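In: sharing a model prediction with you, sequence too.
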Amino acid sequence: MAALAIYFGMNSRDGQIAAAETRAAALAAPTPKPIALGDFTWDDIGLASEINIAAQINTNYNYRLHRGEGEDSNARAMWLLFDPQANGSEREVKAAIVIPNSDADEFLGWIFKNIHDQGKLGPVFHFNGAYQSTVSYDDVAREAIEKEGLRRASRFFYIEPWVNGRAAALAPRASQGMTFSQTLNCIALFLIALAALKFVLRRNANAAKQRQSFHDQPIR
């Protein structure tokens, strides 16, 4: 068990180091050129899953996603994205942004600093952030899109917007508490210490039995 904990702990640490190196390499490279949403392909995903998408938001489909009938403290806000050339008649959705509802105001402040053109639906924004294949509340988002009579494209994706800037998103991440690998290493050390304690206790118990047998054995 201890060996397994050490093994997974080392693998987790290796993964964290690789991710940090990837973010550093992405930050050292220039910001990717904006790609029109309709022209986006997998080849446009850069290091650290970075993408830079030019798109419009159809405000008719702004949503607050929540579960259940009551108040949902984890509710999400969703915006559906369309190509810069979209005119509002499109029924296929290629991408969306889903974030905690509490971050909506910050997001709106960010996008209006990133207007680069004017489309038929409104401003054309540049969304620099990370590619996401899925997000929390993906199932609720899917239902909302279907209720509008829209369909998700076969390669539908989400964008995690870097509202605090590219440098902040790709900067080295400060340690927040104990990491997963550190936790596994602590478990491994605990198991090793427990095994050592059991060995010592067993050895002492055997020694005590041997001493008792000498005491019980009459001297002739």
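Out: Nice, I can see it.
In: use CA for all of it now, contacts and neighbours both
Out: Noted.
In: report the secondary structure state of residue 31.
Out: Per DSSP: H, G, I helix; E, B strand; the rest coil, the secondary structure class of residue 31 is coil.
In: give me the neighbour count for residue 59.
Out: Here the count is done by other Cα atoms under 10 Å, and residue 59 has 12 residues near it.
In: check the gap between it and residue 78 for me.
Out: 10 Å (Cα to Cα, to the nearest Å).
In: partner strands of the helix or strand containing residue 56, parallel or antiparallel?
Out: Per DSSP states H and E: residue 56 is located in strand 50-57. Next to strand 50-57 in the sheet, as set by DSSP bridges, lie strand 35-36 (parallel), strand 76-82 (antiparallel), strand 123-132 (antiparallel).
In: the last one: what's the following helix or strand?
Out: Following strand 123-132 in sequence order, the next helix or strand is helix 138-147 (DSSP H and E).
In: likewise the second one?
Out: Downstream of strand 76-82, the first helix or strand assigned by DSSP H and E is strand 92-100.
In: could you give me the buried positions within that next one?
Out: When burial is assessed from 16 or more other Cα atoms under 10 Å, strand 92-100 yields the following buried residues: 93-99.
In: dump those to JSON lines, plus distance to residue 20 and pLDDT.
Out: Compiled in JSON lines, those are given as follows (distance: Cα to Cα, whole Å; pLDDT from 0 to 100):
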{"residue": "93", "distance to residue 20": "33", "pLDDT": "97"}
{"residue": "94", "distance to residue 20": "30", "pLDDT": "97"}
{"residue": "95", "distance to residue 20": "27", "pLDDT": "98"}
{"residue": "96", "distance to residue 20": "27", "pLDDT": "98"}
{"residue": "97", "distance to residue 20": "25", "pLDDT": "98"}
{"residue": "98", "distance to residue 20": "25", "pLDDT": "98"}
{"residue": "99", "distance to residue 20": "24", "pLDDT": "97"}
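In: how's the chain carved up into domains?
Out: The record's domain split for the chain, according to automatic domain parsing, is 1-30+174-220, 32-66+73-170.
In: looking at this structure, which helix or strand is least sure?
Out: Confidence across the helices and strands of the chain bottoms out at helix 180-216, with a mean of 60, counting by mean pLDDT, DSSP states H and E.
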